[in-house]
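> Got a predicted structure plus its sequence, pasted below:
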Amino acid sequence: MDLNLQTYTQHFDNHLYLESGRILESYDITYETYGTINEEKSNVIVVCHALTGSHHAAGIYEDERKSGWWDGLIGSHKAIDTDKYFVICTNVIGSCFGSTGPISVRKPHDELYRYKFPVITIKDMVKAQRILFDRLDIHRVEAIIGGSMGGMQALTFSVLYPNFAKKIIALATTHATQPWAIAFNKVASEAILKDPDFKQGYYDPEILKESGLTGMAIGRMAGHISFLSHESMSEKFGREYKRTDGLYELFGKFQVESYLEYNGYNFTKWFDPLTYLYITKAINLYDLARGFDSLKDALKKVTAQVHLLSFSNDLLFRDFEMKKIDDTLNEIGYKKHSYINVQSDYGHDAFLVELDKFQHHIKDALDA
């Protein structure tokens, strides 16, 4: 069957009260849907995106070659079967792909928000999505699924709105962002802030789309190191040298160096640096237990089936971080949960790349 890819933007004039105590006076949320909603609206699955992702999770736009970031997982007869389910993926607030963020126009001032945009948290992202679903008259969903920052959102839904989803499926994520991940984000933020072309946040976004931003490219290179692993880099690149470079040229490159350069500099043409700063701040602040006495107290709010998938060689969010959620659910006597540590040498990005290793787990969780 046809994927039935549709893209929408909803505008909200009601104030969004943020976790920081600040207010977003009005905002837009862009979202994408796949499949067909049934009459009872009981076949809805929410997919949450990661740091640099967007609402475009599946299918291909007419004017583009690249399919959505989880296209292998979402569609007819795939693990998230659009013949059966109606899938929604929203672009989080703070992002740069249609939802309101730091480079959106601040009305009625007709200027970009830039630093006037408030610091947002994962909880704020989830709250805004929940308001969107209310407008769409969707008050209970079959499942919420996400990896990395998307997994943070899924887990936050389970605590903040415990009766909203029947099932929570969280991949390659954590209960609270740890110093290792915060440190990589620090390298990226420093590289951005110290780049003179960043102009202390008052750059022209159109110029950066053309020329890129060296500082963000360097930060992204550091990020890519954390997304992979020692084994996956060895397998992917080995010690291969770029064929057109001489071995003893000072700036001759190994293949791994070319890979980091290409991905780093290409990234700066399509992702906004202020957005990167704001969203990495939200990731750094994430702690499922904030507002509770402990993680145990937070997880006592959960009523959904919870399915946790970690990846054995994920260096960014270690498998034992996810295991801690599983252990805590066991400790409070919660029965409706499962934990699988997927054996993978790929690293953190396995949740985007090695679909064959875990898609059956998602299908089984949805069919259960």
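Cool, the structure landed. Numbers count the residues shown, from 1 in each chain.
> Show residues contacting stretch 175-187.
When contacts are taken as C-beta atoms under 8 Å, 6 or more residues apart in numbering, the neighbours of stretch 175-187 outside the stretch itself are 155, 174, 219, 222-223, 225-226, 280, 283-289, 295, 315-318, 321-322, 324-325, 328. In this view, the C-beta of every residue, glycine as well, is placed from N, C-alpha and C.
> Which segments of the chain make up each domain?
With automatic domain parsing serving as the domain definition, the record reports that the chain contains domains spanning 6-176+287-367, 181-281.
> Tell me which of these is the most buried.
domain 6-176+287-367 (a mean of 19; mean count of other C-beta atoms under 10 Å).
> Start and end of it, how far apart?
Domain 6-176+287-367 has its terminal residues 25 Å apart, counting by C-alpha to C-alpha, to the nearest Å.
> can you tell me the average pLDDT over it?
Rounded to a whole number, the mean pLDDT of domain 6-176+287-367 is 97.
> roughly how far is that domain from the heart of the chain?
Mean-position distance between domain 6-176+287-367 and its chain equals 7 Å (C-alpha atoms, centre = their mean, to the nearest Å).
> what does stretch 199-217 give?
Worked out by C-alpha atoms, centre = their mean, stretch 199-217 lies 22 Å from the chain centre.
> what sits up against that stretch?
So stretch 199-217 is contacted by 103, 112, 114-115, 188, 191-195, 197-198, 261, 264-265, 267-274, 276 (C-beta under 8 Å, 6+ apart).
> Please export the C-alpha coordinates of that stretch as PDB.
Coordinates of each C-alpha in stretch 199-217 appear next as PDB, following Å, rounded to 0.1, in the frame of the first residue of the first chain:
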ATOM      1  CA  LYS A 199      29.200  36.200  14.900                       C
ATOM      2  CA  GLN A 200      28.200  35.500  18.500                       C
ATOM      3  CA  GLY A 201      24.900  34.200  17.300                       C
ATOM      4  CA  TYR A 202      24.000  37.000  14.900                       C
ATOM      5  CA  TYR A 203      25.000  35.300  11.700                       C
ATOM      6  CA  ASP A 204      22.900  35.300   8.500                       C
ATOM      7  CA  PRO A 205      21.400  31.800   8.300                       C
ATOM      8  CA  GLU A 206      21.200  32.000   4.500                       C
ATOM      9  CA  ILE A 207      24.900  32.700   4.200                       C
ATOM     10  CA  LEU A 208      25.700  29.700   6.500                       C
ATOM     11  CA  LYS A 209      23.600  27.500   4.300                       C
ATOM     12  CA  GLU A 210      25.900  28.400   1.400                       C
ATOM     13  CA  SER A 211      29.300  28.500   3.200                       C
ATOM     14  CA  GLY A 212      28.800  26.300   6.200                       C
ATOM     15  CA  LEU A 213      30.400  27.000   9.600                       C
ATOM     16  CA  THR A 214      33.900  25.500  10.300                       C
ATOM     17  CA  GLY A 215      33.400  25.500  14.100                       C
ATOM     18  CA  MET A 216      30.300  23.400  13.800                       C
ATOM     19  CA  ALA A 217      32.000  21.000  11.400                       C
END
